[in-house]
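[1] Would you be able to build a 3D model of this:
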Amino acid sequence: MLDSLKKMFSGNEADVPVNTGSKPDISRVKSAELYEKSKTYFPGGVNSPVRAFKSVYGTPLFIEKGDGCYIWDADGNQFIDFCGSWGPLILGHNNPKIREKVTEVMQNGMSFGAPTALENELAELIIKNNRFVEKIRFTSSGTEAVMSAIRLARGFTGRDKILKFEGCYHGHSDSLLVKAGSGLVTFGETSSAGVPKSFAEETIVIPLNDANAIEQAFVQFKDQIAAVIIEGIPANNGLIIQDEEYIHFLRKICTENNSLLIFDEVITGFRVGFEGAAAYYNVIPDIVTYGKIIGGGLPVGMYGASNAIMAHISPDGGVYQAGTLSGNPVAMAAGIATLTELNKSGFYKDLNNKTQDFVASIQRFATARNYKFKVFTVGSIFWFAFTDKDKIQSADDIDASSMEKFKIMHRELLNRGIYLGPSGYEVGLVASAHTKIELEKAKRAIFEALDLVFRSS
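    Numbering: from 1, shown residues only. All right, here's what the predicted structure looks like:
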């Protein structure tokens with residue numbers, strides 16, 4: 001037993017004995033019953049499409065509670081969670097400091113539709129520790145923040161067209177729910193019913209990591225592009241990490257053409273560091289958007305920019321944007337508690353080091369077995385890809401057929417008590433609540449799942 005434990009913590013993953021037998025599927029009886037009932041209430045039985053488990057095996061799991069790095073479903077199955085409510089739970093589930101702050105504030109009421117001191121407190125915490133924003137506006141979601149940032153860019157520049165990248169997701173607003181057309185530089189095509197063609201034609205969609213396409217776009221649509229929008233580090237369609245030179249090129253060409261550069265940091269903001277991808281690349285975006293991490297997982301979004309740009313937002317300027325629940329006191333309380341912890345010395349260093357040790361062990365295991373498998377990572381974000389490519393920097397680099405392997409892996413991990421988002425295109429996230437013990441358990445489960453995936457292929 002002692003020798004086995006020593007091997008687990010030694011870093012010699014190739015020598016660790018792995019159980020290559022499939023485990024029985026977890027019980028989903030109650031979840032399945034709830035899902036059948038939910039389909040009578042909601043389209044597809046869910047309130048967000050990816051929750052429907054269409055990309056993996058089985059019915060959706062209905063979650064009953066979470067604590068630390070664990071979640072439990074309606075059937076009593078316990079999982080080590082690497083989804084974290086799709087990113088914001090960087091401190092883990094049911095964090096005591098967040099819970100206590102929220103409970104304290106709720107004693108005085110939960111919504112006023114009027115200013116509160118809590119908004120000032122959270123704004124000051126953000127602005128004083130973030131070089132990239134001088135004024136901000138809270139919203140109720142990341143989608144709303146990005147939609148507002150686009151409107152602001154158009155109002156500030158007096159231009160209509162937006163340039164986005166294939167493989168980047170910015171929420172479901174009409175201007176951005178588009179896919180690439182048939183040419184290298186072309187208008188977008190609607191990727192959802194209900195989006196007018198005329199809306200999509202104001203959006204130009206080009207491949208990531210293609211400087212020539214950017215240059216062509218600015219020539220073809222000279223003096224028409226209000227803004228270029230990119231995920232700070234694209235993490236909604238795999239983890240598509242861009243080279244620093246490319247991001248600096250985007251900054252330069254936007255400046256030269258009097259277009260704004262928008263960083264959508266709904267995932268990366270306060271996740272790769274307190275100042276997000278902007279600091280990671282040392283680039284100053286014109287507008288930055290953030291998501292629910294600033295509310296500790298509660299429904300919050302935010303966009304920010306310089307004083308000069310934000311002066312165009314109503315009531316100071318002519319760009320209208322409003323929200324009854326913007327700056328909701330309960331969400332502000334959760335945000336204050338969360339960001340106070342994130343702002344402590346050493347927080348990101350410890351979290352990122354823990355993540356890098358975790359993913360390096362998994363990569364060593366896969367490499368030792370000659371598996372066509374890579375773990376891409378930045379900060380506390382990771383992505384499992386069934387590929388032998390050292391870099392994936394555009395949507396076209398992702399092999400869609402490899403998702404069949406993830407489908408097997410997802411089921412095997414659930415059966416071993418590990419929860420990942422139910423799609424091979426989604427990233428995983430490590431929280432400060434994950435201890436070395438849980439990460440070791442997760443690693444062994446991943447080793448076993450990988451052996452089963454490649455044995456069956």
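
[2] what about the closest residue to A213 other than its chain neighbours, neighbour count?
    Distance criterion C-beta to C-beta, 6 or more residues apart in numbering; nearest residue to A213, sequence neighbours excluded, is I206 at 4.2 Å. Yep, even glycine has a C-beta here, placed from its N, CA and C like the rest. By the measure other C-beta atoms under 10 Å, the count of residues near I206 is 22.

[3] Ok, the one 5 residues further on next?
    Burial of A211 is recorded as 12 neighbouring residues (other C-beta under 10 Å).

[4] Could you verify my assumption that the residue nearest to A213 touches I162?
    No: using C-beta atoms under 8 Å, I206 is not in contact with I162, being 11.6 Å away.

[5] Tell me the helix or strand right after the helix or strand hosting V288.
    Applying DSSP states H and E as the criterion places V288 in strand 287-290. Using DSSP H and E, the helix or strand that follows strand 287-290 in sequence is strand 301-305.

[6] list the helices and strands that next one packs on?
    Secondary structure elements in contact with strand 301-305, counted by 3 or more C-beta pairs under 8 Å, 6 or more residues apart in numbering; DSSP states H and E, are helix 117-127, strand 135-139, helix 142-157, strand 287-290.

[7] for these, which one ends up most surrounded?
    Highest mean neighbour count among those (mean count of other C-beta atoms under 10 Å): strand 287-290, with a mean of 29.

[8] nearest spatial neighbour of E244, skipping sequence neighbours?
    E244 sits nearest to Y281 (C-beta to C-beta, 6+ apart), 5.5 Å away.

[9] The strand holding V288 - contacts with which helices or strands?
    By 3+ C-beta pairs under 8 Å, 6+ apart, strand 287-290 packs against helix 142-157, strand 260-265, helix 276-281, strand 301-305.

[10] So what does the residue nearest to A213 have for phi and psi?
    When read as degrees, to the nearest 10, the backbone of I206 gives phi -130, psi 170.

[11] bridging residues for it?
    Counting by DSSP bridges, I206 is bridged to F165.

[12] Also Y419?
    Bridge pairing for Y419 - DSSP bridges - gives D81.

[13] before we move on, the earlier item: mind listing the strands the strand holding V288 pairs with, and their directions?
    Strand 287-290 pairs in its sheet with strand 260-265 (parallel), strand 301-305 (antiparallel), by DSSP bridges.

[14] before we move on, back to that, measure the residue nearest to A213 to A395 for me?
    11 Å (C-beta to C-beta, to the nearest Å).

[15] How about V266?
    For V266, the distance to A395 (C-beta to C-beta) stands at 18 Å.

[16] which residue is nearest the centroid of the protein?
    Nearest to the geometric centre of the chain sits I267, at 3.3 Å (C-alpha atoms, centre = their mean).

[17] From K405, how far out is that one?
    Per C-beta to C-beta, I267 is found 24 Å from K405.

[18] Start from the N-terminal end of the stretch 1-150 of the chain and give the helices.
    2-8, 29-38, 96-106, 117-127, 142-157 (DSSP state H, counting those that start in this stretch).

[19] Adding mean pLDDT, write those helices out as TSV.
    What follows is those, written out as TSV (pLDDT from 0 to 100):
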stretch	mean pLDDT
helix 2-8	40
helix 29-38	98
helix 96-106	97
helix 117-127	98
helix 142-157	96
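
[20] what would these look like in TSV with distance to A305?
    Shown next, in TSV, are those (distance: least, C-beta to C-beta, whole Å):
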stretch	distance to A305
helix 2-8	48
helix 29-38	40
helix 96-106	28
helix 117-127	11
helix 142-157	7
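
[21] do you know which of these lies nearest G346?
    helix 96-106 (16.8 Å; C-beta to C-beta).

[22] who does the closest one touch, helix- and strand-wise?
    helix 329-342.

[23] I would like the residues contacting the helix it packs on, please.
    Identification of contacts with helix 329-342 by C-beta atoms under 8 Å, 6 or more residues apart in numbering yields 90-91, 95, 97-98, 100-102, 104-106, 108-112, 116, 118-119, 121-122, 125-126, 138, 270, 274, 293-300, 347-348, 432.
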